[in-house]
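Novice: 3D model of this:
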Amino acid sequence: MKEKGKLSRRDFLRLSAVGATGTLLAACAPEVIKETVTVKETVVVESEPETVEVEVEKVVTATPEPKGVTTIDFLTQSATPESLAELEPLISRFEEENPDIHVQFVVQPGEQDIYQKMTIMQQGGTPANMAVWGNKVAIYACAGVFKNLQPFVDRDNVDLSDYYDTHLASLKWKDDYHALPAAVYTTLLYFNKDLFDEAGVQYPPQTAEDAEDWTMDAFLETAKALTKDTDGDGEPEQFGIYEIYNNDLNKPQFYGGKSFDKEGNCTLDSPACIAAMQFWADIKFKHHVAPTAAESEGIAGGIGGDEAPFLSGRCAMAVGGNWSLPAMMGAPFNWGVAILPSSAPEGNRSANFSPDAFVMGNGPNPEEVWRFLKWIQEPENIQEWCLILGAFSPRKSQSDYNAQLVTEKFGVKGEVFNYCLSHATMVMGELRELNNPNEDEVEDMLTPYFDELELGRITAEELAEAVVDEATRLAKQPCE
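Specialist: Residues are numbered from 1 along each chain as shown. Got it, this is the predicted structure:
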């Protein structure tokens, strides 16, 4: 149940994190340098003046850096020179409007979690100033790695009403904002148009009106119509469904269930949760309209990437995040995106990968860091930030931009993305919506059981019976 597709998402962004410690150049004393120079002096030689050249040592002062300029080093992960160059005009504009602040990029090699890097820096006595990264705000806010942004937001009357409520909720700790949105992601239903056309099956819904009857039963029947076992050996040559990414704790939403309630009680034993978890297991082992893990590897044929089984042309539909869009451009068939099915009472919803977030560490110069965070949130600036990175704007008022980006860059209907985003729940379900700092511990405990369910070794009821009490205990642990 680990968040799959994470590397693909990073490739999609190309630049996914910034963070660093600021240094105040004006606080440095001018550097003193001794140098030997040749000068001409007039001396008296036997009562007659004569000009001679002599070497003397003198003390000179190096040209000081501009006074009052604060340098903020941006720690970037997996950043290429090209992506840094593309960001330069935006950063230069900030510096022009804020001449007392200088922004400097520092590339962090490897795949280390930036929040973990910030934790290490703080433990080492050099806390970071700022970062842009993904999820798990509550975990690191609880640990004291992030500075509380609420006093800044209140003081400057920052209006956050243009952001999606689901996203904003995940950026709080104890009702205070400890992060601000940077970009948004959601899950979609990808489909192979060629396979639908060959089978004479209607495309999955791409508008809200058409999605009204797009239930889990309808989804299953569509998958059955697109699954082919021509020789009858029980091993289909073509499958109806494939899961590129489908977070386990979000699966209950397909039937209107919730993994946890507001008090932190695990509710995976509710009828809706059990029905949803069993559905996603049954499509593999009962109905066999989706490949098992082993079959997925065979379909991929050794090709890397989570999208490989779908790109093989042997799966008609796939649940996945919008970060898989670039990979789809290499598909050897016609494809599209559609709305995910749902049997939830409130209608169609899709899991929403939590937004990337701007955070402030406990390093020096918080006012200068806040000025950047506040500046980048302005509509023009956040849209340019997302445009450069190929990401999607977190502002609701820029939904047209998001739709246009999907349509122009990937050739599919951008309205589908906006629908899925606006009907989304947070990835990791209620644990992240409720800002639970014990998310990792709960996930680590649940993962083996979800793996057993996915392998067909236990039922959803057996899973629920085994995990509910322990998951509740872990979720209710106090923040330490």
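Novice: Show me the shaky parts of the stretch 351-480 of the chain.
Specialist: Applying pLDDT under 70 to the stretch 351-480 of the chain picks out residues 351-354, 427-429, 433, 480.
Novice: How are the helices of it distributed by residue range?
Specialist: Remark: helices assigned in the stretch 351-480 of the chain by DSSP state H, counting those that start in this stretch are 366-376, 379-389, 399-410, 414-422, 430-433, 439-454, 460-475.
Novice: can you put those helices in TSV and add mean neighbour count and distance to Q150?
Specialist: Bear in mind the C-beta positions are built from the backbone N, C-alpha and C, glycine included. Listed next are the helices of the stretch 351-480 of the chain as TSV, based on neighbours: other Cβ atoms under 10 Å; distance: least, Cβ to Cβ, whole Å:
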stretch	mean neighbour count	distance to Q150
helix 366-376	19	12
helix 379-389	17	20
helix 399-410	17	27
helix 414-422	22	26
helix 430-433	23	18
helix 439-454	18	21
helix 460-475	18	24
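Novice: out of those helices, nearest to L171?
Specialist: helix 430-433 (10.1 Å; Cβ to Cβ).
Novice: Switch the helices of the stretch 351-480 of the chain over to TSV; also include distance to P181.
Specialist: Below are those laid out as TSV (distance: least, Cβ to Cβ, whole Å):
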stretch	distance to P181
helix 366-376	10
helix 379-389	8
helix 399-410	13
helix 414-422	12
helix 430-433	14
helix 439-454	19
helix 460-475	25
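Novice: Among those, which comes closest to D154?
Specialist: helix 366-376 (12.2 Å).
Novice: Quick one: residues in contact with that closest one.
Specialist: For helix 366-376, the external contacting residues (Cβ atoms under 8 Å, 6 or more residues apart in numbering) are 22, 70, 72, 94, 97-98, 100-101, 103, 129-130, 147, 149, 152, 156, 158, 180, 182, 358, 360, 363, 381-382, 385.
Novice: Which among the residues you listed count as buried?
Specialist: Among the contacts of helix 366-376, the ones that count as buried by 16 or more other Cβ atoms under 10 Å are 22, 70, 72, 94, 101, 103, 129-130, 147, 149, 152, 158, 180, 182, 358, 360, 363, 381-382, 385.
Novice: In strands, which of these fall?
Specialist: If you go by DSSP state E, the buried ones among the contacts of helix 366-376 have 22, 70, 72, 101, 103, 130, 180, 182, 358, 360 in strands.
Novice: Now compare the residues you listed and name the two farthest from each other.
Specialist: So, these by Cβ to Cβ: farthest apart are T70 and A182, at 21.6 Å.
Novice: residues making contact with stretch 234-244?
Specialist: 4-5, 190, 195, 219, 222-230, 280, 283, 288-291, 295-296, 299, 306-307, 309-310, 314-321, 324.
Novice: Check stretch 249-268 too.
Specialist: So stretch 249-268 is contacted by 1, 216, 270-277, 279-280, 340-346, 349, 351, 425, 427-431, 434, 436, 443, 446, 463-464, 467-469, 471-472, 475-476 (Cβ under 8 Å, 6+ apart).
Novice: Only C-alpha atoms, please: export that stretch in PDB.
Specialist: Output of stretch 249-268 as PDB, limited to C-alpha atoms (Å, rounded to 0.1, in the frame of the first residue of the first chain):
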ATOM      1  CA  LEU A 249      -6.800   3.300   2.300                       C
ATOM      2  CA  ASN A 250      -8.700   5.200  -0.400                       C
ATOM      3  CA  LYS A 251     -10.400   2.200  -1.900                       C
ATOM      4  CA  PRO A 252     -13.300   2.300   0.600                       C
ATOM      5  CA  GLN A 253     -14.300   5.600  -1.000                       C
ATOM      6  CA  PHE A 254     -15.600   3.800  -4.100                       C
ATOM      7  CA  TYR A 255     -18.500   2.500  -1.900                       C
ATOM      8  CA  GLY A 256     -18.700   5.600   0.300                       C
ATOM      9  CA  GLY A 257     -16.700   4.200   3.100                       C
ATOM     10  CA  LYS A 258     -14.000   5.700   5.300                       C
ATOM     11  CA  SER A 259     -10.900   4.000   6.600                       C
ATOM     12  CA  PHE A 260     -10.900   6.100   9.900                       C
ATOM     13  CA  ASP A 261     -13.500   8.300  11.600                       C
ATOM     14  CA  LYS A 262     -12.800  11.700  13.000                       C
ATOM     15  CA  GLU A 263     -11.700  10.300  16.400                       C
ATOM     16  CA  GLY A 264      -9.000   8.200  14.800                       C
ATOM     17  CA  ASN A 265     -11.000   4.900  15.100                       C
ATOM     18  CA  CYS A 266     -10.200   2.500  12.200                       C
ATOM     19  CA  THR A 267     -13.500   1.700  10.400                       C
ATOM     20  CA  LEU A 268     -12.200  -0.900   7.900                       C
END
